[in-house]
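structure for this input, please:
(chains A and B)
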Amino acid sequence: RKEVEQDPGPFNVPEGATVAFNCTYSNSASQSFFWYRQDCRKEPKLLMSVYSSGNEDGRFTAQLNRASQYISLLIRDSKLSDSATYLCVPCLFSGGYQKVTFGIGTKLQVIP
Amino acid sequence: ETGVTQTPRHLVMGMTNKKSLKCEQHLGHNAMYWYKQSAKKPLELMFVYSLEERVENNSVPSRFSPECPNSSHLFLHLHTLQPEDSALYLCASSPQAAGDYEQYFGPGTRLTVT
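Model (predicted):
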């Protein structure tokens, strides 16, 4: 089983739509979780952290379900600029450092 | 600008060449990382340095040799690479190696081995 499973997509959605991405992780000892965004041929950048209580940042909402080892990202009112690959990133403290595991990412294409 | 720079941005090298990738961070961070990103694969962590000491070598072949002379600079020395080593090599830094910290990535070096 892969450490992080994501549907690679692409998800093609019209502007203004709501879209949700899911991610499952295999290591139940993972302690912190993030969503990163990677634009085509660019480096990944942090989008938001994910907390058990759920958190929201503008149009973006992230949820964590530790029991099911599942993370989600909801994007409301999609913009053309949201087109990117979204990387699910669980982290585990091990061997004296925070071990970060990246998913393959889910590609989102927002169309006019 | 993320405060992490990488040079060169593109590199083409033959299998018998020796080259080095350079990473510099201007953020005052104590931890630095090398990742490899191949097409259709997730980012693979290669090395982690914390306060200039290597804390992780993720089963990387010896043809990749990292060097961290100080907390602001990180190098990846390459020699006798294989065509399958062609990929995007990303450097990242974070305030500490341990803790819930965001990693800041450089723009990457796109390496092609011929």
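
how far does the longest strand seen in chain A sit from its chain's centre?
In chain A, ranked by residue count with DSSP state E as the criterion, the top strand is strand A:84-94. Chain-centre distance of strand A:84-94: 7 Å, with Cα atoms, centre = their mean, to the nearest Å.

with stretch A:74-87 instead?
That offset, for stretch A:74-87, works out to 11 Å (Cα atoms, centre = their mean).

what about it, average pLDDT?
If you average the pLDDT over stretch A:74-87, you get 98.

again, but for stretch A:17-31
Stretch A:17-31 comes out at a mean pLDDT of 94.

that stretch spans what distance, first to last residue?
32 Å (Cα to Cα, to the nearest Å).

buried stuff in that stretch?
A:19, A:21, A:23-25, A:30 (16 or more other Cβ atoms under 10 Å in any protein chain shown). All C-beta atoms are positioned from the backbone trio N, CA, C, and that covers glycine.

do stretch A:42-57 as well
Residues A:43-50 are the ones in stretch A:42-57 that count as buried (16+ other Cβ under 10 Å).

cool, and stretch A:96-103?
For stretch A:96-103, by 16+ other Cβ under 10 Å, it's A:97-103.

bridging residues for residue 109?
This is for chain A. A:Asn12 (DSSP bridges).

please refer instead to chain B.
The partner list for B:Thr109 in beta bridges (DSSP bridges) reads B:Tyr89.

do the same with the one 4 residues further on
Bridge pairing for B:Val113 (DSSP bridges) gives the partners B:Met13.

where do the strands sit along chain B?
Assigned by DSSP E, the strands in chain B fall at B:4-7, B:10-13, B:18-25, B:31-37, B:44-50, B:53-57, B:64-70, B:73-79, B:87-94, B:104-105, B:109-113.

wait, what's in contact with residue 110?
Unless you meant another one, I'm taking chain A. A:13-15, A:17, A:78-83 (Cβ atoms under 8 Å, 6 or more residues apart in numbering or on different chains).

looking at chain B here, not the other one
Applying Cβ under 8 Å, 6+ apart, the residues near B:Arg110 are B:9-11, B:88.

B:Val48 too?
B:Val48 makes contacts with A:97, B:31-33, B:54-56, B:97, as judged by Cβ under 8 Å, 6+ apart.

just to revisit the earlier point, near chain B too, which of the buried residues of stretch A:42-57?
A:43-46, A:49 (Cβ under 8 Å from any Cβ of the partner chain).

lowest average confidence, helix or strand, in chain B?
Lowest on mean pLDDT, DSSP states H and E among the helices and strands of chain B sits strand B:53-57, with a mean of 82.

now that one and strand B:31-37, what's the angle there?
For strand B:53-57 against strand B:31-37, the angle by axes from the mean of the first three to the mean of the last three Cα atoms, to 10 degrees is 30 degrees.

ok, strand B:53-57: who's next to it in the sheet?
strand B:44-50 (antiparallel).

I'd like the average pLDDT over the strand it pairs with.
Averaging pLDDT along strand B:44-50 gives 92.

which of the residues in that strand are buried?
By neighbour count on 16+ other Cβ under 10 Å, the buried set for strand B:44-50 is B:44-50.

on that earlier part again, buried set for the least confident helix or strand of chain B?
In strand B:53-57, counting by 16+ other Cβ under 10 Å, buried: B:Glu56.

could I get that strand in PDB with only the CA atoms?
The C-alpha trace of strand B:53-57 is given here as PDB (Å, rounded to 0.1, in the frame of the first residue of the first chain):
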ATOM      1  CA  GLU B  53      24.500  17.600  10.400                       C
ATOM      2  CA  ARG B  54      23.000  15.000   8.200                       C
ATOM      3  CA  VAL B  55      20.100  13.400  10.000                       C
ATOM      4  CA  GLU B  56      18.600  11.300   7.100                       C
ATOM      5  CA  ASN B  57      20.000   9.600   4.100                       C
END
